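Engineer: sequence unknown, structure follows:
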C-alpha cells in the first residue's frame, strides 16, 4: 500500500479549500550579501504569513537528484516521481499544449538529413533548420493517414516536432529510431513487449510514408522518433484526494502535467494578474487550486538574480488577494530549485510555507532557505506536502482504529 | 528502480574530485564539560571549514540500528545496507586481508573439543586455545586438498580461523555446522537451495578430512563452520557512479570492503601521515578517494575519551593538506558512532560536513554533534551522502524532463 492508496482510503469531504502556490524554480543560492534570491526579495506579506505558518525545507525527489519539471510537479502533487515516470514524448507534447487522452502515443521527432543513395544519416538535426521550415515540413507530414488512427503532428522549434497517435490498442514499450550517430540508417521501431506490437506496426507505417513524402526535400529528407511514450494514466486528484482540482497556469507544460492528474485547466491568461483574476472567478467551483508562477524559473535559468527577485516580489503582492478568498490551507513552495548561480535546475531543497489553522509554531519570521532550517515542518519530501495539506484542511480521517 | 539504478542512469563525467574522509566511530556522547569527543577536540581547520560547508547529522542504517563496519561503510558508499548484506564469513576473511574473487566461498571456523567416543561437542571453543596453537592446527588443515577447489585456511585469534574456497559453481545458501550447544555432534553443511548443493558437498568433504586430521589433537580435535557466504558481487563504483575510486586505509577490513565495491587499494602504510602521502601520490589517478582513519573507533571501543580526542585533532591537522589538492567536494563524517561512554559501536547519528561550491548556508561555525542540528544538510541517511556529493561535484544530470 503506497501513499496514493492511503490517500484514496482516508480522504473525507471538508469545506476547507487548499491552494498550492508554486513558484517554479524558487530555491536559490547565496548571491548579494550572502542572501538567496528569496532572501534578498522584499516579501512583507510572506514574512508576515510565516509567523502563522509551519515552515520547513523539502527535497523534491531524493537528495542530490535534480528533477525536471515533470518529476518536480508530480512529487508536489503527491506522486512518487520515480514510480510514476512520464515519458519524454508525452512531456514534449504537453509542453506545446497538445492534450493527451488515455490511448495516446506521443513521440519527439527530429528532422534529419539522409544520404539519398545509401539512406544513411548525414546530419541528425538537418542543419538545424529554422522553425518556419520545420512548420512547412510538418504541414507535408500531416497528409499521412493510417486506418483507425488519429494523427497529430506539431512543429516545436528548429528541427524538432511532436507526433501524437490516438487509437485503440496503442501501448508503449518501443525502441527509438535515432541511431545516435551519423553514417547509420534510421532504425525501425521495435516493440519491447508483446502489447506494443501494434504500436510498432503503426509507427513504422507512418515512418515509411514520411520518408516517401520527404525524399525530395533538402536538407531535411528524413526524420527520427525518440522518447515514444503513452499517457501514464495517473490516478486523478478526484480519485486520490477526493478533490475537484483546478490548475491556474500560463505555460502549456504545467497545464499539461495538471491535466495528467485530472485537474481542470481554465484559460488563465499570461500574467500573474490574470492568474489571480482567474483564481477569484473559479473560487467557488473547486476544492483545490494549483497556482503556478513560471518566471522565477526562467530568470533562474538566465542567471538573472535581480529579475528572479522581482518575480518573487510580484508574487508576494498577490498574497493578500489570495488570503482574502479564505483558503483553509495555503502552501507556498517551488517544484525544484533553479539557483541563479547554476543557471539550471538543481537538487537543492525548497523552502516551504504551510499556512493553516491548528499549526505548530516555530521561531521562523521570514520566508527564506536559511530561516526555514528552524521551521516546525522540518525536513520533508515533496510527496509529504499534499498529505500535510489534506490533514490541515480536515480532509483526512483516522488511519486504523 | 532503487537509488543504485538511479545513480547508474544519471551519472555524467566531471573534472571535480570527491574525497570522503571517514573517521571510524566518529560520533560520540557527552563527557567532559558536557562535550562529545569531537566537540572537546580542538579542530580549528574543520571549524573554519564548517563556515563554508553544509552541515548536518546522518543516520547510518536506520534509527536505533547500530551498524557493524560492513553495513556502516556500505551505507556511506550509497548502498542500502539492509538490501546489500555482506556475509559474516566474507567480512571475517576481509578483516584478515584475504582477497575474495567472484567465485569465493568464505566461512568463519571455530576449533572445538569433541568427546572421542561419541563425537559430541564438549567445548565449543576448545578451551579458548591460544592463537599460536590455532596457527599450528591451521598448518595441519592446509594439507587438505579437493579436486578443482583452491583452499585457503588462515588463523584469526584464539580458537578462530577462516576458510576460503575458490572454484566454479560454489554458491551460498548453506546451513552452519555449530549446533550452538555442547552434548550435540557438529552438524553437516546442508544446502538451502539447489544452487548450493555443490558447495555443501565440497564443504562436507573438507570437514570429513579435517576431523580425520584433528582426531588425535587435544583439546582441539574438531571444528565448526559458521557464516558461510560468497562475495556479494556488489555493483562497482565505476558502474554506479562512473567513478575511478581509490581507498586509502590502513586496516585490512576497510581495504576489503572498498575492494568489494571495486575501489583500487594502494598500500597506504600504517599512519595518517603515510595515508596523506598516498593521497598526494594518487591524486591525479582517481576521481574519488575514500580516506579512512581507524583509531577514533579503537579508542572509542576502549572508552578512552582523551585518546579519541587526540586522533580527531591529528586528523584536523591534515585538513590543509587535503584542501591544497583542490577537491571539488570534501565530505567528513564517520561510518557509525563509537561513544567512549558505551565502549562499543552505537546507533547515534553522525555529524557530517560537506564542503563544496554552490552550497546552502547555515549558522553552524564548528564541527560537532550539537552544532550540526542547525545545519543546512539537515537530518539525512548515510545513503544520501554519495548522491549529494555527486550532485555537488556536477556529476549527476537531470532526472526526467
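Structural biologist: Good, I have the coordinates. What you see is a predicted model, and the numbers here were worked out from it, not measured in a lab.
Engineer: contacts and neighbour counts: CA atoms only from here.
Structural biologist: Noted.
Engineer: and stretch A:356-364, how far out from the chain's middle?
Structural biologist: 30 Å (CA atoms, centre = their mean, to the nearest Å).
Engineer: what about that stretch, near chain B?
Structural biologist: No - using CA under 8 Å from any CA of the partner chain, stretch A:356-364 never reaches chain B; the gap is at least 13.0 Å.
Engineer: pLDDT (mean, whole number) over the top strand by length along chain A?
Structural biologist: In chain A, taking DSSP state E as the definition, the longest strand is strand A:104-114. The average pLDDT within strand A:104-114 is 96.
Engineer: For the stretch 251-400 of chain A, list the residues in contact with chain B, please.
Structural biologist: So the stretch 251-400 of chain A meets chain B at A:341, A:342, A:345, A:347, A:348, A:369, A:370, A:373, A:374, A:379 (CA under 8 Å from any CA).
Engineer: and the second one, what is it in contact with?
Structural biologist: Applying CA atoms under 8 Å, 6 or more residues apart in numbering or on different chains, one finds that residue A:342 lies in contact with A:301, A:303, B:358.
Engineer: Report how many residues lie close to the last one.
Structural biologist: Here the neighbour count serves as a burial measure; for residue B:358 (other CA atoms under 10 Å in any protein chain shown) it reads 19.
Engineer: Where does it sit: helix, strand or coil?
Structural biologist: coil (DSSP: H, G, I helix; E, B strand; the rest coil).
Engineer: Is any residue of the helix-or-strand element of chain A with minimal mean pLDDT near chain B?
Structural biologist: When the helices and strands of chain A are scored by mean pLDDT, DSSP states H and E, helix A:88-95 comes last with a mean of 90. Yes - contact of helix A:88-95 with chain B (CA under 8 Å from any CA) involves A:88, A:91.
Engineer: ok and that helix relative to strand A:104-114, angle-wise?
Structural biologist: Orientation check (axes from the mean of the first three to the mean of the last three CA atoms, to 10 degrees): helix A:88-95 against strand A:104-114 gives 100 degrees.
Engineer: Quick one: list the elements packing against helix A:88-95.
Structural biologist: Where contact means 3 or more CA pairs under 8 Å, 6 or more residues apart in numbering or on different chains; DSSP states H and E, helix A:88-95 is packed against strand A:104-114, strand A:160-166, strand A:222-230, helix A:252-260.
Engineer: if we go to 6 Å?
Structural biologist: Helix A:88-95 is packed against strand A:104-114, strand A:222-230, helix A:252-260, with contacts defined by 3 or more CA pairs under 6 Å, 6 or more residues apart in numbering or on different chains; DSSP states H and E.
Engineer: Pretty sure residue A:277 sits in a helix.
Structural biologist: Yes - according to three-state DSSP, residue A:277 belongs to a helix.
Engineer: before we move on, the earlier item: list the neighbouring strands of the helix or strand following the longest strand of chain A plus their orientation.
Structural biologist: As assigned by DSSP states H and E, the chain's next helix or strand after strand A:104-114 is strand A:121-123. Looking at strand A:121-123 with DSSP bridges, its partner strands are strand A:104-114 (antiparallel).
Engineer: Do a quick rundown of the helices in chain A.
Structural biologist: A:3-10, A:37-40, A:44-50, A:69-76, A:88-95, A:131-141, A:197-214, A:237-241, A:252-260, A:272-282, A:295-302, A:305-317, A:319-324, A:382-392 (DSSP state H).
Engineer: quick one on the thing from earlier: make CSV from the residues of the stretch 251-400 of chain A next to chain B and add pLDDT to it.
Structural biologist: Formatted as CSV, these follow (pLDDT from 0 to 100):
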residue, pLDDT
A:341, 98
A:342, 98
A:345, 97
A:347, 98
A:348, 98
A:369, 98
A:370, 97
A:373, 98
A:374, 97
A:379, 98
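Engineer: Filter these down to just the ones in strands.
Structural biologist: Mapping those onto strands (DSSP E) picks out residue A:379.
Engineer: Which pair of the residues of the stretch 251-400 of chain A next to chain B spans the longest distance?
Structural biologist: A:342 and A:374 (25.6 Å; CA to CA).
Engineer: my guess is residue A:24 contacts residue A:332, does it?
Structural biologist: No - in this structure residue A:24 lies outside contact range of residue A:332 using CA atoms under 6 Å: 10.7 Å.
Engineer: Pick out whichever of these two has more residues nearby.
Structural biologist: residue A:24 (25 against 21).
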